[in-house]
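Q: need the 3D shape of this:
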Amino acid sequence: QLQLMESGGALVQPGGSLRLACAAAGSTLPHAVAWFRQAPGKEREGISCINRSDGSKWYADSVKGRFTISRDNAKNTVDLQMNTLKPEDTATYYCAGDRDLYCEGRSLSGADFTSWGQGTQVTVSS
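A: Model prediction:
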């Protein structure tokens, strides 16, 4: 099973920015790659997804306008640029992928994705 790896998590002040990266170990990233996050005591939330075939993207309302997902097929990475971070963005962020899925304009379900990373911690605090 494909193993994904996240990087870039850190402690940042409110209003700051971070860039997370998702890469695949020894393989090409799947067609659909998404970012999920989970805060302590809360359910996992799908926040963004990108498709390789046409570059289409989807964002949850909670991050729309602040976060940008991008894909670099040459580097085999999917990045999540996070701007104007808020304390409520504090969570463990996971990337997930599936070779057959096409992300569309609906809420992401973790059950749709077959490959996952271990997560990277993002803490937004002053």
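
Q: count the residues that sit near the nearest residue to residue 30 once chain neighbours are set aside.
A: Closest residue in space to residue 30, ignoring its immediate chain neighbours: residue 97 at 3.5 Å, by C-beta to C-beta, 6 or more residues apart in numbering. Where you see a C-beta, it was placed from the backbone N, CA and C, and this is true even at glycine. Taking other C-beta atoms under 10 Å as the criterion, the count of residues near residue 97 is 25.

Q: does residue 97 really touch residue 6, like I thought?
A: No: contact criterion C-beta atoms under 8 Å: residue 97 and residue 6 do not qualify, at 11.6 Å.

Q: what about the residue positioned nearest the centre of the chain, which helix or strand?
A: Here the mean C-alpha position of the chain is nearest to the C-alpha of residue 35 (C-alpha atoms, centre = their mean), at a distance of 2.1 Å. With elements delineated by DSSP states H and E, residue 35 resides in strand 32-38, which encompasses its position.

Q: average pLDDT for that strand?
A: Per-residue confidence for strand 32-38 averages out to 97 on the pLDDT scale.

Q: adjacent strands (with direction) for it?
A: Counting by DSSP bridges, the strands paired with strand 32-38 are strand 45-51 (antiparallel), strand 91-98 (antiparallel).

Q: and that strand, which residues are buried?
A: By 16 or more other C-beta atoms under 10 Å, the buried positions in strand 32-38 come out as 32-37.
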